[in-house]
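>>> got a predicted structure plus its sequence, pasted below:
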Amino acid sequence: MERKIFAGPKVRRIRNGLGVTQTAMAEALGISPSYLNLIERNQRPLTVQLLLKLASVYKVDLDELQSEPGNNLAELREVFADPLLSGELPGDQELVEISDAAPNAASGMVKLYRAYREQAARLSDLGALMADGAQVPAAGARLPADEVRDALERRPAYFAVIEDAAEQFFMTLPSGDLQQVLRDWLQKERGITVRVLPVHVMPDLRRRFDRHSMRLFLSERLSPQDQLQEIAIEAATLALKAAIGKELEGLALSTPEAQRIARFELARAAALALMMPYEAFLTAAKSVRYDIDLLRSRFGCSFGQAAARLTMLQRPSNSAVPFFLMEIDAAGNRLRRAGASGFPQARFGGGCPKLNIHAAFLQPGQILAETVETPDGSAFLTIARTLEGPAAPFGERVRRTALLIACDAQFRDATVYAQAASSSPHAVAIGPVCRLCERKGCLARAEPPVTRPLGLDEMVAGLSAFDFQ
C-alpha cells in the first residue's frame, strides 16, 4: 500500500524559502494550485510520486520531509510542564503542530522560557543574599556573564586543546582565500550556505543561523574581516566542537547560562586560531617585530583580531612576547581583558585615566606607544588604538572603542614600538586606579584614595581636586 505522508507545513516552508508562488509550484509538480493548498494545510497527503517530483524539481531532501515532526517537541514539553502553563494544553497534539508548522516560533518560545527561568533564578539568589544580610553588590559576581569574564581574565589566553585541533583542521583545508574556503567547507560538509543580508532585512543583528533552512545570515554592516570571523566561528563551532567542549569543562562554570556564554567566547578564540594559524602567525610576528599593522595586512584580519591573537601565543615549546590587552568604550566601561598569563590586575591595574588608551579617542586610527611605570616601579610598554564597530548608516553614531595591548618593559626591544615608546625621556607615571593610588599632585586624579585621609586645608590647595595627607 502506498505510504501517505502529511507534511504540509514543511512543503510551505520550502516553497517560501525558494520564493515560489503556490501556482508556480503546483504547475511544476503537475497538480492544481487548489490541491497544493490542501497539501500545505495538511488536508491532503504527499504521495510517493509527489515526493519524487519535489526531489527532482526542487532538490528537496526526502529525509527532511519524511522525518518525525518537531525537533523542538521535547523542549516545548518542558516549557508547558511549568506549573504556570501545565493546565493550558490537554495533550501533546498542539505542541506537535506548533513544532512542525512553526519551528522558528517554537525555538523562540523555548529561548524566552529559558530567559524567564534564568531571570527568576537571579532574583531568587538576590533575595537569598538580602535575607542573609549579605551586601547586595556581591550578587553582581553571581551573574553568568561576570562569572565567565572573571574565569577568562584570570587564566592565560592560550587554549592548548583548541590550538592543536585548529591546526589539524586547518591542514585539511585547501589553499586559497580563507573566507571562500570556509564557505565551501560549510556548504559541502554541513549543507550550510552563507548569505550577506542588507541592513533593512537584518537591522539589529550581526549574524543569525537558521538551522531549519541551514543558512548563515551575516549583516552587510560587518567589515570583510568581521564577516570572515563570523564564518570562522560557525566552522569552528562545528569542526572543533570536541576541543571547545574540553576547554569549557576546564573552566568549571556553575550555571548552564555561563557555559553557553563561555562556549561562544571559546568559539571566538578558535576562529582566531583558524584565521591566524599558530606557527605561521608566530613566525610572522617575530619577523616583523610584532608590528600589528603588518600582521593584519598579511593575514587579512583587523587590528583588534591581530592584537587579540598576539595574547594567545604561549605554547610552552614555542611562545611569543607575553602580551595582555584590554578594551574600553568612550565612557570608560571595560569591555574585555585578557592576557598571556591572565590579565595582570594586581601589577598593572588598568584603571588609570593617564593610560594612552583614553588618549586614543582623541586621535582615532592612530597608534600610540609609550612606556608607563606603576608606583611599585614596574614598567610596561603600552600600545593603544581605536577600533571601529560595524558600519553605521547616516544619522547613526559610529561605535568606537579603544584597545590597549601591553607587555612588560623588559620585552620592549623585541617590538617595533620600542623606538616610539623610548622617545620620551621619562615613563608615564600611572597608578592601578584612583581609589588605590597614592601619587600626589596627579592632575588626572578622579577620586580620593581610600588609604589616606583628605587634606581639607583651607590655607593650601594642591594640584589635585582631592588633596590628601
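In hand now; what should we look at?
>>> list the contacts of the residue nearest to residue 158 when sequence neighbours are not counted.
Leaving aside its sequence neighbours, residue 158 sits nearest to residue 314 (C-beta to C-beta, 6 or more residues apart in numbering; 3.9 Å). For glycine as for every other residue, the C-beta is placed from the backbone atoms N, C-alpha and C. Residues near residue 314 by C-beta atoms under 8 Å, 6 or more residues apart in numbering: 156-158, 320, 322, 340-341.
>>> repeat that with 7 Å
156, 158, 322, 340 (C-beta atoms under 7 Å, 6 or more residues apart in numbering).
>>> distance of it relative to residue 404?
19 Å (C-beta to C-beta, to the nearest Å).
>>> could you look up the SS state of residue 402?
strand (DSSP: H, G, I helix; E, B strand; the rest coil).
>>> where along this structure do the strands fall?
Applying DSSP state E to the chain gives strands spanning 193-197, 207-210, 215-219, 314-315, 318-319, 324-329, 334-339, 368-373, 379-388, 400-408, 428-429.
>>> ok, and what's touching the first one?
This points to strand 193-197. Contacts to strand 193-197, defined as C-beta under 7 Å, 6+ apart, come from residues 183, 186-187, 214-220, 227, 231.
>>> and these as TSV, adding distance to residue 413?
Putting the contacts of strand 193-197 into TSV (distance: C-beta to C-beta, whole Å) gives the following:
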residue	distance to residue 413
183	42
186	43
187	47
214	51
215	50
216	44
217	47
218	41
219	42
220	43
227	37
231	38
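>>> tabulate the residues you listed (CSV), appending pLDDT and neighbour count.
Shown next, in CSV, are these (pLDDT from 0 to 100; neighbours: other C-beta atoms under 10 Å):
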residue, pLDDT, neighbour count
183, 97, 19
186, 96, 20
187, 95, 13
214, 92, 15
215, 94, 16
216, 95, 22
217, 96, 19
218, 96, 22
219, 95, 22
220, 95, 14
227, 97, 19
231, 97, 26
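>>> can you say which of the contacts of residue 314 are buried?
Buried members of these, scored by 16 or more other C-beta atoms under 10 Å, are 156, 158, 322, 340.
>>> what is the nearest of these to residue 200?
residue 158 (41.7 Å; C-beta to C-beta).
>>> the closest one and residue 32, how far apart?
Residue 158 is 64 Å from residue 32, by C-beta to C-beta.
>>> same question for residue 398.
54 Å.
>>> run through who's touching stretch 218-225.
By C-beta under 7 Å, 6+ apart, stretch 218-225 touches 194, 196-199, 202, 205-207, 227, 230, 300-302, 305, 390-391.
>>> give me the domain ranges for the protein.
Here the domain parsing of the chain from automatic domain parsing is 8-67, 74-130, 149-275, 305-432.
>>> and those: which comes nearest residue 289?
domain 305-432 (4.2 Å).
>>> now do the same end-to-end measure for that closest one.
26 Å (C-alpha to C-alpha, to the nearest Å).
>>> neighbour count winner among residue 398 and residue 32?
residue 32 (13 against 10; other C-beta atoms under 10 Å).
>>> any idea what sits nearest the more buried one, other than its immediate chain neighbours?
That would be residue 26: by C-beta to C-beta, 6+ apart, it lies 5.9 Å from residue 32.
>>> need the contact list for the nearest residue to residue 296 once chain neighbours are set aside.
Excluding the flanking residues, the one nearest residue 296 by C-beta to C-beta, 6+ apart is residue 306, at 4.3 Å. Going by C-beta under 7 Å, 6+ apart, residue 306 touches 292, 295-296, 299.
>>> farthest-separated two in the contacts of residue 314?
158 and 322 (9.9 Å).
>>> where do the contact lists of those two overlap?
Counting by C-beta under 7 Å, 6+ apart, the contacts common to residue 158 and residue 322 are 314, 340.
>>> pLDDT below threshold where in this structure?
Low-confidence segments of the chain (pLDDT under 70): 1-6, 60-74, 86-87, 90-93, 97, 99-101, 121-142, 423-424, 451-465, 467-469.
>>> tally of neighbours for residue 428?
17.
>>> hey, what's it bridged with?
residue 372 (DSSP bridges).
>>> let me see the contact set for it.
354, 370, 372.
>>> what about it, distance to residue 346?
19 Å.
>>> try residue 107
Counting by C-beta to C-beta, the separation of residue 107 from residue 346 is 44 Å.
>>> what does residue 213 give?
Distance from residue 213 to residue 346, by C-beta to C-beta: 50 Å.
>>> looking at these two, which one has more neighbours?
residue 213 (14 against 8).
>>> ok, and the closest non-adjacent residue to the more buried one?
In space, residue 213 is closest to residue 17, 5.3 Å off (C-beta to C-beta, 6+ apart).
>>> what of residue 393?
Excluding the flanking residues, the one nearest residue 393 by C-beta to C-beta, 6+ apart is residue 199, at 6.3 Å.
>>> may I have the phi/psi pair for that neighbour?
Per-residue torsions, residue 199: phi -60, psi -40 (degrees, to the nearest 10).
>>> look up how far residue 395 lies from it.
Residue 199 is 12 Å from residue 395, by C-beta to C-beta.
>>> which stretches of the stretch 351-469 of the chain form helices?
356-359, 418-422 (DSSP state H, counting those that start in this stretch).
>>> got the contact list for the longest one?
Yep, that's helix 418-422 we're talking about. For helix 418-422, using C-beta under 7 Å, 6+ apart, the contacting residues are 369-371, 381, 412.
>>> out of those, who's the most crowded?
Greatest neighbour count in the contacts of helix 418-422, by other C-beta under 10 Å, goes to residue 381: 27 neighbours.
>>> before we move on, the earlier item: can you say which of the strands of the chain is nearest to residue 165?
Here strand 314-315 is closest among the strands of the chain (C-beta to C-beta), at 13.6 Å.
>>> circling back: count of neighbours near the residue nearest to residue 213?
Other residues close to residue 17 by other C-beta under 10 Å number 13.
>>> same thing with residue 418?
A count of nearby residues for residue 418, using other C-beta under 10 Å, gives 18.
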